[in-house]
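1. Here is my input, please return the structure:
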Amino acid sequence: MSEISHDRSLDTWAQPARVQRQNIKSPLWRSNGLIELKTADQFSPAQLVEAYNQTRVDYIVPMPMNVSRLLQYIDLYDVDLSASWVALRKKAIYGLGMLGIRNKRAWITRVGVLPIGRRQGTGRALIDNLINSASERGLDTIWLEVIKSNTPAEQLFLTSGFRQTRELIVARRPPRLPTESPNGQHKVVNARHVTELGRSAATCLLENRNSRPNWLVECESFDKLTNLQALYVDCENGGQGWVVFEASDLQLKHVVVEILAGKPAEVAGGILKALHKRFPHQDAIMENLPANDPTWEGFSTVGYFDVFRRIEMVKNGLCV
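-> The predicted model follows:
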């Protein structure tokens, strides 16, 4: 096993924090006759977007949505609106939550409660119904991510039977930055040879990763990206690796780096240096890199900064 593969495998099932948990045998939420639950496919995208944006008005990390972005999100991440839920009271939307489905796995996402619906059992009702949607479809496992420091949401998930797995970094690099930060702790090696690869080769690289990817960067999440590309980089010091990304005129998104040989931080920096020399005017976004991944220092050395962090969580054994 390579150095980076070993480090990543250690991170895959991080020990959860010591918090009070319950063994969930049945839903914790009981209908009080006030909250009504309907599947999300009974609402228009515009209605879902309006409600979702209201759930985020005072959120830790602003995440505004529009109809076009919601439809793309549903498509990319395999969200099933018939398994997703909207909570109402007197016909007004109080909250919503969505469920992605892939094979025997589910993923809870976009859970939010409007300010008027909080502290009334709305969040618990949504989570219980999302878990039931997965169980009724014979799924084994549910994943989710919660923003780090969002303690109320994290406690809701813990008391619903989820456990923490690892901490994930969401990072950004503004355009037109120098490709090597003077504050970096690691030297950035230069590329000796860079090979540009198209979609099919990029997909093959993703399929053969050594690490366990998070839902957002699983191979299935890249299937419908229209401009997927890759660079395969040989470095002057003998290091090797690649970067997969989606490029547009304004942004590089879905940035994924894998090291095949050499010191992870140095080689990652060299790979990203080559990437940003080719795309100097694009803003770059990288999501859900494990916090102890040794390539993170390479990202930060070429100008990526930590925007926020997520805690990945999982609930197993739904069909036992």
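2. Average pLDDT for the host helix or strand of A87, rounded please.
-> Counting by DSSP states H and E, the element that carries A87 is strand 85-89. Averaged across strand 85-89, the pLDDT comes to 94.
3. What residues sit buried inside the following helix or strand past it?
-> The first helix or strand that comes after strand 85-89 along the chain, using DSSP H and E, is strand 92-102. When burial is assessed from 16 or more other Cβ atoms under 10 Å, strand 92-102 yields the following buried residues: 93-101. Every C-beta, even on glycine, is put in place using the N, C-alpha and C of the backbone.
4. Check stretch 161-175 too.
-> For stretch 161-175, a neighbour-count test (16+ other Cβ under 10 Å) marks 161-171, 173 as buried.
5. How about stretch 56-70?
-> Going by neighbour count (16+ other Cβ under 10 Å), the buried part of stretch 56-70 is 56, 65, 70.
6. before we move on, which element is the last one in?
-> Read that as L70. In this structure, L70 sits in helix 67-76 according to DSSP H and E.
7. Okay, angle between that helix and strand 92-102 too, please.
-> 40 degrees (axes from the mean of the first three to the mean of the last three Cα atoms, to 10 degrees).
8. mean confidence for helix 67-76?
-> 96.
9. Export that helix to PDB, keeping only CA atoms.
-> Taking Å, rounded to 0.1, in the frame of the first residue of the first chain, the C-alpha atoms of helix 67-76 are listed here in PDB:
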ATOM      1  CA  VAL A  67     -34.300  26.300 -10.000                       C
ATOM      2  CA  SER A  68     -31.600  25.500 -12.500                       C
ATOM      3  CA  ARG A  69     -29.100  24.600  -9.800                       C
ATOM      4  CA  LEU A  70     -31.600  22.500  -7.900                       C
ATOM      5  CA  LEU A  71     -32.400  20.500 -11.000                       C
ATOM      6  CA  GLN A  72     -28.700  20.000 -11.800                       C
ATOM      7  CA  TYR A  73     -28.100  19.000  -8.100                       C
ATOM      8  CA  ILE A  74     -30.900  16.400  -8.300                       C
ATOM      9  CA  ASP A  75     -29.500  15.000 -11.500                       C
ATOM     10  CA  LEU A  76     -25.900  14.800 -10.500                       C
END
